[in-house]
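Engineer: Dropping the sequence and predicted coords here.
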Amino acid sequence: MQLKIDIHVHTYYSKDSIITLDDLISQIKKNRLDGIAITDHDTVEGAIKIVRAIKEKGIGINPIIIPGIEVSTKRGHILGINMTTPIPKKLSIEETVERIHENGGIAIAAHPETFFKDGIGLNPKILSAGLDAIEVINSSVFPFKLLTQLCKKFAERYGLPQTAGSDSHIPETIGLSYTLMECDSAKIDDIIESIRKGLTKPVGRGIPMTLRIKRVFRKT
């Protein structure tokens with residue numbers, strides 16, 4: 001089966017995001033996503049609470065909600081997908097990846113090449129860190145096309161699985177980028193295994209300037 005999942009979404013548990021549970025449900029349905037991964041900055045609290053809330057409410061569309069985290073390492077940001085255990089900030093990339101793996105998650109380089117965010121950089125040295133995938137499409141990066149091309153070329157050159165995520169901090173951007181993946185089922189373990197195997201296709205576009213401006217004003 002093919003699934004359409006936005007692998008990089010923040011909720012209001014990230015200080016720079018305003019997205020609520022109702023926003024998530026609404027946008028998942030509106031954009032015909034099968035689900036999302038919640039990747040708040042250096043915390044899994046929101047992901048755990050939202051997964052629990054959806055189960056308790058018995059929401060009709062039954063979206064796939066994958067708990068995760070965006071970890072601030074010494075050199076840049078790493079996504080930990082399928083994580084319910086927090087990872088300390090400011091560890092090395094290698095130690096961060098190791099801890100993610102120890103807790104049953106996969107490690108994805110978030111916006112690795114970027115001018116306005118903390119990325120780990122597209123250097124062959126990162127290949128030894130044990131990363132499971134590279135986020136080659138991130139809607140929030142700018143200039144979008146140039147950085148997307150660089151990330152895709154790097155991933156293709158070194159045979160790394162590719163993912164895409166919106167990096168949403170406001171509801172309207174959820175689903176602008178997403179990962180298509182071939183999975184045996186909609187179970188999170190099967191989704192994680194599909195990413196590991198590279199059974200993915202990154203799809204998406206950059207955040208329109210009007211929404212970039214809106215995000216700035218909402219933060220203030």
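Structural biologist: All right, it came through fine.
Engineer: Walking through this structure, point out its helices one by one.
Structural biologist: 21-30, 45-57, 93-102, 144-158, 188-196, 209-219 (DSSP state H).
Engineer: okay, the ones you listed in a markdown table with mean neighbour count, mean pLDDT and distance to Asp132 next?
Structural biologist: The way it works is simple: take the backbone N, C-alpha and C, and place the C-beta from them, glycine included. Formatted as a markdown table, the helices of the chain follow (neighbours: other CB atoms under 10 Å; pLDDT from 0 to 100; distance: least, CB to CB, whole Å):
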| stretch | mean neighbour count | mean pLDDT | distance to Asp132 |
| --- | --- | --- | --- |
| helix 21-30 | 17 | 95 | 24 |
| helix 45-57 | 16 | 89 | 18 |
| helix 93-102 | 19 | 98 | 8 |
| helix 144-158 | 16 | 98 | 12 |
| helix 188-196 | 18 | 97 | 6 |
| helix 209-219 | 12 | 79 | 29 |
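Engineer: I'd like the ones you listed as TSV, with distance to Ser177 appended.
Structural biologist: What follows is the helices of the chain, written out as TSV (distance: least, CB to CB, whole Å):
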stretch	distance to Ser177
helix 21-30	13
helix 45-57	19
helix 93-102	22
helix 144-158	9
helix 188-196	15
helix 209-219	13
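Engineer: For Lys125, which of the ones you listed is the nearest?
Structural biologist: Smallest distance to Lys125 across the helices of the chain (CB to CB): 9.3 Å, for helix 93-102.
Engineer: What residues does the closest residue to Lys90 other than its chain neighbours make contact with?
Structural biologist: In space, and not counting its chain neighbours, Lys90 is closest to Lys74: 5.5 Å by CB to CB, 6 or more residues apart in numbering. For Lys74, the contact set (CB atoms under 8 Å, 6 or more residues apart in numbering) comprises 90-93.
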